[in-house]
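Trainee: task: produce atomic coordinates for the following.
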Amino acid sequence: MSAETPGPVTELLRAAERGDTGAVDQLFDAVYDELRRLAHLVRLGRGSDTLNTTALVHEAYLKLAPPGGLAMNDRAHFFRVAARAMRQVLSNAARAKAAVKRGSGEPAVAFDEQFHGSTATPEAILEVHEALERLAEIDQRKADVVECRFFAGLSVEDTALALGISEPTVKRDWRTARAWLTDALSQTE
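Mentor: Numbering: from 1, shown residues only. Sure, this is the predicted structure:
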């Protein structure tokens, strides 16, 4: 899709930003399957330990659809914000569950692509969330790259478009951020 021709999601975002309440519902219907895929990635493939996929999508939708309308630039921006909303919902749920279950003795989790298929505990999800917040304090762009690539599942190209940076920069930041997060997570053991 060219930059000059906005797609249907971008058009719905623009209509929603203008206050068209029906556009928000149409947008949700149009992206529901992708949001479920994204929720599955954000949940890191875990079942009912915190929230199921459907509940996560609906909780994130409530965060995304404020009464004042949406203010998103385009499809990539929407999914980046959706990934962040889902991560926040999941972190809040994990925080609540961890408060009940302190000291479970679960090992720390390394940050890598295989984490998606692991049995991530609420504590591990919180560790990743907190490490990502620490990374954002040091280098916000690298944290944004992680959110786009890891949590939103965006390609290098889509991440570059969403963040307004070059593809080589995305690749470099992705490598550096993964290494930093792996080190940060290994220190939490």
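
Trainee: ok, residue 145 to residue 175 distance?
Mentor: 10 Å (C-beta to C-beta, to the nearest Å). (C-beta placed from N, C-alpha, C; glycine too.)

Trainee: same drill for those two, tell me which one is more crowded.
Mentor: A count of neighbours by other C-beta atoms under 10 Å puts residue 145 above the other of residue 145 and residue 175, at 29 against 12.

Trainee: tell me which element that one falls in.
Mentor: Element membership for residue 145, per DSSP states H and E: helix 140-146.

Trainee: and residue 178, by the same measure?
Mentor: helix 167-186.

Trainee: what of residue 58?
Mentor: Per DSSP H and E: helix 53-64 holds residue 58.

Trainee: picking up where we left off before, by contact count, what packs against the helix holding residue 145?
Mentor: Packing partners of helix 140-146 (3 or more C-beta pairs under 8 Å, 6 or more residues apart in numbering; DSSP states H and E): helix 122-138, helix 156-163, helix 167-186.

Trainee: could you redo the last one with a cut-off of 6 Å?
Mentor: Contacts defined by 3 or more C-beta pairs under 6 Å, 6 or more residues apart in numbering; DSSP states H and E place helix 140-146 against helix 122-138, helix 167-186.

Trainee: hmm, who's touching it?
Mentor: 132, 135-136, 163, 170, 173-174, 177 (C-beta atoms under 6 Å, 6 or more residues apart in numbering).

Trainee: so who does the residue nearest the centre of the chain touch?
Mentor: Taking C-alpha atoms, centre = their mean as the criterion, residue 83 is the residue nearest the geometric centre of the chain, at 2.4 Å. In this structure, residue 83 makes contact with 147, 151-152, judged by C-beta under 6 Å, 6+ apart.

Trainee: the same query, at a cut-off of 10 Å, please.
Mentor: By C-beta atoms under 10 Å, 6 or more residues apart in numbering, residue 83 lies in contact with 35, 38-39, 41-42, 60, 146-154.

Trainee: counting neighbours, which of the residues you listed comes out on top?
Mentor: residue 42 (32 neighbours).

Trainee: which stretches of this structure have low pLDDT?
Mentor: 1-6, 41-51, 65-70, 98-122, 188-189 (pLDDT under 70).

Trainee: mind listing what's buried in the longest helix anywhere in it?
Mentor: In the chain, assigned by DSSP state H, the helix with the most residues is helix 75-100. Residues 75-87, 89-91, 93-95, 97-98 are the ones in helix 75-100 that count as buried (16 or more other C-beta atoms under 10 Å).

Trainee: quick check: which helices or strands does the helix holding residue 178 pack against?
Mentor: The helices and strands touching helix 167-186, judged by 3 or more C-beta pairs under 10 Å, 6 or more residues apart in numbering; DSSP states H and E, are helix 122-138, helix 140-146, helix 156-163.
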